[in-house]
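A.B. asks: sequence first, then the predicted structure:
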Amino acid sequence: MPFAGRHVVLGVSGGIACYKSCTLARRLTEAGAAVDVVLTAAAAEFVRPVTFEALTGRPVLTSLWERDRALAHIGLAREPDLVIVAPATANVLARAAMGLADDVLTALLLARTGPVLAAPAMNDAMYAHPATRANLKGLVARGWHLVGPDTGPLAEGPSDRPGRMSEPEAILAAAERLLLQRAPWQGKNVVVTAGPTREHLDPVRVVTNPSSGRMGYALAEAAYARGADVVLVSGPSDLPLPFGVTAHRVETTAEMQRAAQALVKRAAVLIMAAAPADYRPAQPGATKRPRAKGALTVELEATPDILGSLTRPAGCVVVGFALETGGDGVARARKKLQDKVLDFVVLNDALEPGAGFEVSTNRVTIIGKDDEPIELPLLPKRDVAERILDAVERALT
Ligand code: CTP
């Protein structure tokens with residue numbers, strides 16, 4: 001859990017985007033944070049405090065005048081690792097920029113010296129107004145961080161100008177990057193491959209595998225949170241692209257090889273989490289092959305071994321995966337480490353319940369060139385990603 005042991009205040013001001021703050025409170029809590037929600041009076045008109053109390057399991061602060069909590073806003077300004085204001089309405093931004101402290105949220109913000117992340121949300125004309133621009137500029141100059149706003153439909157109708165609050169996942173990713181960034185990853189290019197590849201037999205039939213891309217996407221998300229510039233070379237996958245990560249979409253193993261070869265030239269880290277198809281039809285049809293009676297024999301030829309063929313820059317830390325199905329997995333993984341000239345190989349067993357393809361957990365062993373293998377328990381893929389990046393980080397520093 002990326003936010004285990006972290007304390008976050010979620011300040012919610014009164015805009016219709018409040019409904020998304022419920023999801024944000026939930027996601028922050030799921031990520032392991034202790035989340036204290038502070039609601040303005042207007043926000044409490046949109047969403048009752050009890051909703052946030054149920055989502056976070058903690059009392060919600062709604063006023064400067066709550067019995068026995070007279071100084072709660074000062075404690076909540078000082079103690080948390082991060083204060084997030086989402087939605088940050090034009091009104092709350094203006095009051096914070098002026099240094100007003102006329103309600104519980106603005107009083108907390110005025111007493112805050114640590115990091116603040118704001119997710120502006122307002123009508124597009126309000127966002128474009130010179131007063132709002134000046135307020136945001138002033139707050140950023142004082143150290144505030146912003147995420148969004150996005151361009152897209154507003155409660156009042158369609159819009160092609162910024163104003164809409166960023167999605168909870170984007171706010172969470174921006175918060176992670178603020179709290180979790182680490183020096184060895186700053187300014188480093190990280191290339192992650194993910195998902196399956198697809199090889200056409202004809203325009204409507206393919207050879208592929210059940211990889212979902214979850215492990216690679218979790219690695220990309222975790223590397224972004226640590227401060228890296230991340231490119232995700234993804235085969236076909238339905239997963240949403242992690243916030244802040246650049247996508248390079250491919251279909252076939254040859255396309256993945258070309259993309260990986262081009263991108264690795266500037267990479268400090270390459271992680272090959274993809275499950276590229278190892279074979280492709282030797283003679284793909286240009287049109288749909290009609291169904292015929294009897295068996296169909298298709299000749300398959302080998303696709304390129306991407307890792308085996310890449311020219312990497314000196315010092316690039318390379319991580320491969322070894323997907324095995326029983327037997328002496330460690331020995332086979334070590335052989336892949338040597339044959340493919342890897343720094344680390346991450347061994348997992350596709351037949352083990354809860355590990356491998358199409359599940360949100362994985363149980364892996366991280367094998368380095370010199371160290372003893374690190375055998376991890378069954379963990380969510382994001383936690384597995386963190387442990388893999390810990391190993392890479394030791395090689396980077
Ligand atoms: N890999 C690759 N190019 C391929 C196939 C796999 O670069 N055409 C990479 C995978 O992304 C992984 C590593 O090689 O990081 C090992 O993949 P795996 O499927 O376990 O092994 P293979 O090399 O395909 O060997 P085998 O199928 O014989 O186990």
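C.D. replies: Okay, I see it.
A.B. asks: quick one: buried residues of stretch 375-392?
C.D. replies: Within stretch 375-392, the residues scored as buried using 16 or more other CB atoms under 10 Å are 376, 379-386, 388-389, 391-392. Backbone N, C-alpha and C define where each C-beta goes, glycine included.
A.B. asks: same thing with stretch 292-306?
C.D. replies: Per 16+ other CB under 10 Å, stretch 292-306 contains these buried residues: 303-304, 306.
A.B. asks: got it, and stretch 236-249?
C.D. replies: Taking 16+ other CB under 10 Å as the neighbour-count basis, stretch 236-249 is seen to contain the buried residues 237, 242-245, 248.
A.B. asks: next, the distance between the ends of that stretch.
C.D. replies: Counting by CA to CA, to the nearest Å, you get 7 Å between the two ends of stretch 236-249.
A.B. asks: Leu64: which of the buried residues of stretch 292-306 is nearest?
C.D. replies: Minimum distance to Leu64 across the buried residues of stretch 292-306 is 59.6 Å, recorded for Ile306 (CB to CB).
A.B. asks: what's near enough to touch the closest residue to the closest one other than its chain neighbours?
C.D. replies: Excluding the flanking residues, the one nearest Ile306 by CB to CB, 6 or more residues apart in numbering is Gln257, at 4.6 Å. Residues counted as contacts of Gln257 (CB atoms under 8 Å, 6 or more residues apart in numbering) are 304, 306, 309-310.
A.B. asks: which of the three states applies to Gln257?
C.D. replies: helix (DSSP: H, G, I helix; E, B strand; the rest coil).
A.B. asks: contact partners of the strand or helix carrying Ala322?
C.D. replies: Taking DSSP states H and E as the criterion, Ala322 maps to strand 317-324. When contacts are taken as CB under 8 Å, 6+ apart, the neighbours of strand 317-324 outside the stretch itself are 215, 268-273, 275, 307, 312, 329, 332-333, 336-337, 340-350, 356, 388, 392, 395-396.
A.B. asks: let's see which of those end up in helices.
C.D. replies: With helices taken from DSSP state H, the overlap with these comprises 215, 307, 329, 332-333, 336-337, 388, 392, 395-396.
A.B. asks: what is the nearest of the residues you listed to the ligand?
C.D. replies: Using CB to the nearest ligand atom, Leu307 comes nearest to the ligand of the ones in helices among the contacts of strand 317-324, at 3.5 Å.
A.B. asks: the closest one contacts Asp343, correct?
C.D. replies: No. Under the criterion of CB atoms under 8 Å, Leu307 is not in contact with Asp343, lying 11.6 Å apart.
A.B. asks: how much space separates the residue of the chain most remote from its centre from Asp202?
C.D. replies: Relative to the centre of the chain, and counting by CA atoms, centre = their mean, the farthest-placed residue is Lys293 at 48.3 Å. Applying CB to CB, to the nearest Å, the value for Lys293 to Asp202 is 18 Å.
A.B. asks: what's the answer for Lys340, then?
C.D. replies: Lys340 is 32 Å from Asp202, by CB to CB.
A.B. asks: got the end-to-end distance for stretch 310-329?
C.D. replies: Across its full length, stretch 310-329 reaches 24 Å end to end, with CA to CA as the criterion.
A.B. asks: so that stretch, near the ligand or not?
C.D. replies: Yes. Residues of stretch 310-329 are located near the ligand by CB under 6 Å from any ligand atom, namely 320-323.
A.B. asks: next: stretch 363-375.
C.D. replies: No. Shown here: stretch 363-375 not in contact with the ligand (CB under 6 Å from any ligand atom), separated by at least 12.2 Å.
A.B. asks: chain center to that stretch: distance?
C.D. replies: Offset of stretch 363-375 from its chain centre (CA atoms, centre = their mean, to the nearest Å): 24 Å.
A.B. asks: ok, stretch 370-378 next?
C.D. replies: 24 Å.
A.B. asks: got the end-to-end distance for it?
C.D. replies: Per CA to CA, stretch 370-378 runs 24 Å from first to last residue.
A.B. asks: about what we covered before: going through the contacts of strand 317-324, which ones are buried?
C.D. replies: 215, 268-273, 275, 307, 312, 329, 333, 336-337, 340, 342-350, 356, 388, 392, 395-396.
A.B. asks: just confirm yes or no for stretch 224-233 near the ligand.
C.D. replies: No. Counting by CB under 6 Å from any ligand atom, the ligand is not contacted by stretch 224-233; separation bottoms out at 10.5 Å.
A.B. asks: just the strands from the stretch 251-397 of the chain, written as ranges.
C.D. replies: 269-272, 279-281, 300-302, 317-324, 344-349, 361-362, 364-368, 374-375, 379-380 (DSSP state E, counting those that start in this stretch).
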